[in-house]
Structures are given as C-alpha cells and as structure tokens.
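Participant: fold the following for me, if possible:
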Amino acid sequence: MTPHNPIEIRSAQPIETREQQQDDPLAAVVAGVEELRSAAEQHRTQLDERLGNEVRTIGDRIAALETRLNRPGTGQQQQDNGPDAEIRAFLDYARRGVLPQGHEQRALDSGTSSGATGGYTVPENFVAELLRNIVQFSPVRSVARVMSIGSASVKLPKRTGTMTAAWVDEGDDSDETSPTFAQVTVPAYEARCFTDISNQLLEDSGLDLSAELAFDAAEEFGRLEGAAFLKGTGTGQPSGILADTAITTGAKISGNATTLGSAPAELLIDLFYSLKPFYRTSATWAMNGTTLAAVRKLKDTTGQFLWQPSLQAGQPDTLLGRPVLELPDMDDVGAGKFPIILGDFAQGYRIVDRIALSALRDPYSAAVSSQTRFHWRRRVGGAVVKSEAFKAVKVAAT
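Facilitator: Modelled structure (predicted):
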C-alpha cells in the first residue's frame with residue numbers, strides 16, 4: 001500500500017512574503033496582527049447586521065401589539081378623561097336630539113324635570129366654570145421697580161445734595177463742597193383675610209375651589225395694594241405716590257375747578273416738559289378711564305389729537321409720545337383732585353415683597369359648622385424714592 005502523505009498546509013501569502021517574514025520576525029508579527037484585526041472587523045460587521053435586524057423586528061412587533069391593543073373591543077381599560085354619564089347624555093340630546101337609552105337615559109332624567117314633563121335637565125356639574133365679577137385694581141406694579149426682601153424692611157441710600165463746582169482764576173483756592181446722602185426706609189406691611197367654605201361645597205363642586213380661592217385672594221390683594229401704591233398713608237400700609245408732599249405741592253394747577261382748564265392741551269404739554277429729560281424719556285402717563293376719555297379728545301393748536309393710537313399690536317397708545325396707563329384708583333377731575341400723573345415709575349417708586357401670598361387651609365376653626373377656613377396673608381411695601389421723577393396735575397379748588 002502506498003503510504004498516505006501528510007496533509008500539507010500552505011499559506012496564502014506569496015513565497016517572497018513568507019521568505020521576508022522568515023528573515024524579518026517583526027514583519028511576521030505585524031502581518032499576524034493585521035489578520036486578527038481584519039477578522040475582528042468582519043465579525044463585528046456581522047454582529048451589527050444581526051443586531052439591527054433583531055431591533056427592527058422587535059420594533060415591528062411592539063407597533064403591531066400597540067395597534068391591536070388600541071382597537072375597539074380588545075378589553076384594554078384606558079383612562080377616560082371625557083365627560084361622565086350625565087354630561088354625555090345631555091350633550092347627545094343637545095347636539096343631535098337623540099334620546100339616550102339605558103343608564104344614560106336615567107342619568108338625563110335625574111333632575112327636577114324629566115322627559116315625560118317636557119324637558120331634560122342640564123346636569124348640575126355640567127358647567128365647571130366660575131362666574132366672577134370683574135375686580136379692577138391699579139397696575140402700578142407693572143411699571144414700578146419691584147424687589148424681594150428677606151427682612152421686615154429695606155433701607156435704600158439716597159443722594160439729597162450734589163457737589164457744587166465754580167469757575168476760578170489761576171491761583172485761587174477751591175471752595176469746599178460735598179454731596180449729602182440720606183436713607184429711605186421701605187417697610188413691608190401685612191394684609192390678611194380669611195374665607196369659610198362649606199365642606200360639602202368643597203367635596204361636591206365640579207371646580208377646584210381651593211385654586212379658585214387662591215386666584216380670588218391674589219386678585220383682592222392686588223386691588224388693595226394697587227390703591228395703596230397711589231394713595232396709601234404710609235401708616236400700617238404702603239406709602240402712595242400722592243402721599244408724597246413734594247409731588248403734590250409741585251403739581252400743575254388746571255385753573256378750573258370742574259375741568260382741566262380752558263387750555264387743557266397746553267396744560268399737559270407744560271406738565272410734560274416740566275419733568276427732567278432723564279425721566280421724561282422713560283415716563284408713563286397715569287389716569288383713570290373717565291379722565292382718559294376727556295384727554296383722548298384734546299387737540300393741539302394745529303387740530304391734531306394729542307392722543308396717538310398704537311399702530312402695532314401689543315404696544316400701548318401714547319400721549320405726547322409716551323405710553324398711557326389706566327389706573328382705576330386715580331381721581332376723577334374735580335376740585336382739589338389729582339387726576340393725572342406723569343412720571344418714571346421705575347426710577348421713582350419702589351415696591352418690596354416680603355411674602356407674596358401665604359395660604360393656610362384650616363379644617364378645625366370652623367369644623368363645628370362643617371366648614372373649612374382658608375387664611376390668606378401678604379406682606380408688601382411701597383414708597384416714593386425719587387420725588388423728582390413725578391409730576392402731577394391738580395384741579396383748581398375754585
């Protein structure tokens with residue numbers, strides 16, 4: 001028998017390459033590493049392809065499962081944020097005149113008047129809306145400078161006097177001069193109230209009455225503070241702009257006790273230019289709606305209206321080029337009143353917030369009457385810090 005020849009394993013590398021590797025051991029190592037790297041890259045490519053296919057397959061399965069679950073009649077319980085039975089019954093009847101059957105029919109008839117007596121009642125929880133009367137308050141806060149404080153009051157440094165310079169000849173001595181400073185203290189005052197609400201109303205109402213009460217409280221405190229920012233005495237409440245004697249004594253007099261004078265347009269122009277230019281460029285007019293109606297009719301000597309309506313949405317109307325703010329708490333035109341203010345509110349008036357709005361739900365104090373008491377409190381202050389930033393119109397006494 002012819003003996004079997006051993007299997008000969010031949011390298012794929014060229015003869016000259018093998019000979020080079022035998023002569024150069026480093027080249028052999030480099031070639032081996034390159035072969036391993038190539039094999040690893042090929043294996044990784046194959047794994048990426050397989051993984052991508054599996055991910056796509058899983059995604060397709062999930063999408064198909066979601067589609068089946070969302071079909072009607074699958075038994076999946078989904079969250080229903082729609083109207084309840086009473087509301088659905090009423091809406092069906094109101095929109096299409098369809099009399100619902102079964103449970104919804106009974107729900108529709110649950111009021112004081114049924115279909116047999118000629119009508120269907122609107123369910124009591126159909127209108128989840130609170131009907132409010134409009135509360136007007138002075139939006140001084142929108143134009144004044146507001147800051148939060150962490151103590152009972154804040155002290156603001158104020159320059160009350162400036163240096164005085166003079167021309168001198170060579171060799172003359174300079175005169176001594178120095179600015180003077182003082183402090184303006186703005187305390188935070190407290191306002192509070194409480195409201196009792198029936199527990200049954202809280203439990204059965206279709207409204208979140210707690211949230212509605214918070215809104216009402218904020219609105220009421222806004223009305224209270226808005227009036228104080230204009231006319232507050234500074235005793236137990238913020239000090240108002242018209243409580244500053246420097247502003248009221250320097251007011252322009254109308255010359256007539258019942259109107260803005262015989263030449264109201266000239267009066268407003270004089271008032272405008274009596275304000276220092278630094279404040280004039282950022283000034284805002286303030287008056288109530290009644291005065292506003294009268295001012296809108298004023299014309300200059302050429303017959304042009306002083307009032308200019310806004311030409312762009314969201315921008316205020318202007319009077320002599322400056323915006324107008326309607327403040328319901330301002331005086332009407334009348335003897336000795338101050339119906340108009342012009343000023344740079346951001347420079348001249350400071351509002352300090354200590355406690356924006358504190359709410360306390362008290363289920364105990366009125367529990368004997370089955371009521372829950374809500375306590376509301378707010379700490380806020382305000383004061384004029386620069387009297388020169390304001391000018392006012394005063395109606396003559398006679």
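Participant: need the contact list for the residue nearest to residue 306 when sequence neighbours are not counted.
Facilitator: Distance criterion CB to CB, 6 or more residues apart in numbering; nearest residue to residue 306, sequence neighbours excluded, is residue 298 at 4.9 Å. All C-beta atoms are positioned from the backbone trio N, CA, C, and that covers glycine. Contacts for residue 298 (CB atoms under 8 Å, 6 or more residues apart in numbering) come out as 264-265, 268, 305-307.
Participant: state the pLDDT value of residue 298.
Facilitator: We have a pLDDT of 87 for residue 298.
Participant: ramachandran coordinates for it?
Facilitator: The phi and psi torsions at residue 298 (degrees, to the nearest 10) take the values phi -80, psi 140.
Participant: what do you get for residue 389?
Facilitator: Here residue 389 shows phi and psi, under degrees, to the nearest 10, equal to phi -80, psi 0.
Participant: nearest residue to it in space, please, no chain neighbours.
Facilitator: residue 348 (3.1 Å).
Participant: how is this protein carved up into domains?
Facilitator: As assigned by automatic domain parsing, the chain contains the domains 87-117, 180-394.
Participant: give me the number of residues near residue 274?
Facilitator: 13 (other CB atoms under 10 Å).
Participant: so what's it up against?
Facilitator: Per CB under 8 Å, 6+ apart, neighbours of residue 274: 252, 391.
Participant: low pLDDT regions in the stretch 201-350 of the chain?
Facilitator: Within the stretch 201-350 of the chain, the segments meeting pLDDT under 70 span 205-210.
Participant: all the helices of it, residue numbers only.
Facilitator: All helices of the stretch 201-350 of the chain, identified by DSSP state H, counting those that start in this stretch, fall at 209-231, 245-249, 264-274, 277-280, 289-295, 345-348.
Participant: which residues in the protein form strands?
Facilitator: 145-148, 153-161, 180-187, 189-198, 252-253, 284-287, 307-308, 318-319, 322-326, 340-343, 349-362, 371-384, 390-394 (DSSP state E).
Participant: quick one, which of the ones you listed is packed in tightest?
Facilitator: strand 340-343 (a mean of 28; mean count of other CB atoms under 10 Å).
Participant: before we move on, the earlier item: ok, which of the helices of the stretch 201-350 of the chain comes nearest residue 192?
Facilitator: In terms of CB to CB, the element of the helices of the stretch 201-350 of the chain nearest to residue 192 is helix 209-231, at 9.2 Å.
Participant: which residues sit against that closest one?
Facilitator: Outside helix 209-231, the residues touching it (CB under 8 Å, 6+ apart) are 130, 132, 135-141, 144, 191, 193, 195, 197, 201-202, 237-238, 240-243, 327-330, 349, 351, 357, 359, 361, 374, 376, 378, 380, 382.
Participant: and what of stretch 279-294?
Facilitator: 143, 259-260, 264, 272-273, 275, 295, 319, 322-333, 339-348, 388-389.
Participant: thinking again about what came up before, need the strands of the chain in JSON lines with distance to residue 169, can you?
Facilitator: Shown next, in JSON lines, are those (distance: least, CB to CB, whole Å):
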{"stretch": "strand 145-148", "distance to residue 169": "45"}
{"stretch": "strand 153-161", "distance to residue 169": "26"}
{"stretch": "strand 180-187", "distance to residue 169": "28"}
{"stretch": "strand 189-198", "distance to residue 169": "56"}
{"stretch": "strand 252-253", "distance to residue 169": "43"}
{"stretch": "strand 284-287", "distance to residue 169": "47"}
{"stretch": "strand 307-308", "distance to residue 169": "52"}
{"stretch": "strand 318-319", "distance to residue 169": "49"}
{"stretch": "strand 322-326", "distance to residue 169": "45"}
{"stretch": "strand 340-343", "distance to residue 169": "42"}
{"stretch": "strand 349-362", "distance to residue 169": "45"}
{"stretch": "strand 371-384", "distance to residue 169": "43"}
{"stretch": "strand 390-394", "distance to residue 169": "40"}
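Participant: got the contact list for residue 239?
Facilitator: 232-233, 382-384.
Participant: and residue 388, how far from residue 244?
Facilitator: When distance is defined by CB to CB, to the nearest Å, residue 388 is 11 Å away from residue 244.
Participant: these two: who's more crowded?
Facilitator: Taking neighbours as other CB under 10 Å, residue 388 and residue 244 compare with residue 244 leading, 21 against 17.
Participant: pretty sure residue 380 contacts residue 350?
Facilitator: No. If you go by CB atoms under 8 Å, residue 380 and residue 350 don't touch, sitting 11.4 Å apart.
Participant: list the contacts of residue 157.
Facilitator: Residue 157 neighbours (CB under 8 Å, 6+ apart): 181-184.
Participant: flag whichever of the residues you listed scores worst on pLDDT.
Facilitator: When these are compared on pLDDT, residue 181 comes out lowest, with 82.
Participant: next up, the contacts around that one.
Facilitator: Counted by CB under 8 Å, 6+ apart, residue 181 has contacts 157-160.
Participant: same check, this time on residue 390
Facilitator: Counting by CB under 8 Å, 6+ apart, residue 390 touches 241, 244, 247, 341-344, 348, 384.
Participant: pairing partners for it in the sheet, please.
Facilitator: Bridge pairing for residue 390 (DSSP bridges) gives the partners residue 343.
Participant: residue 265: neighbour count?
Facilitator: Counted with other CB under 10 Å, the neighbours of residue 265 add up to 18.
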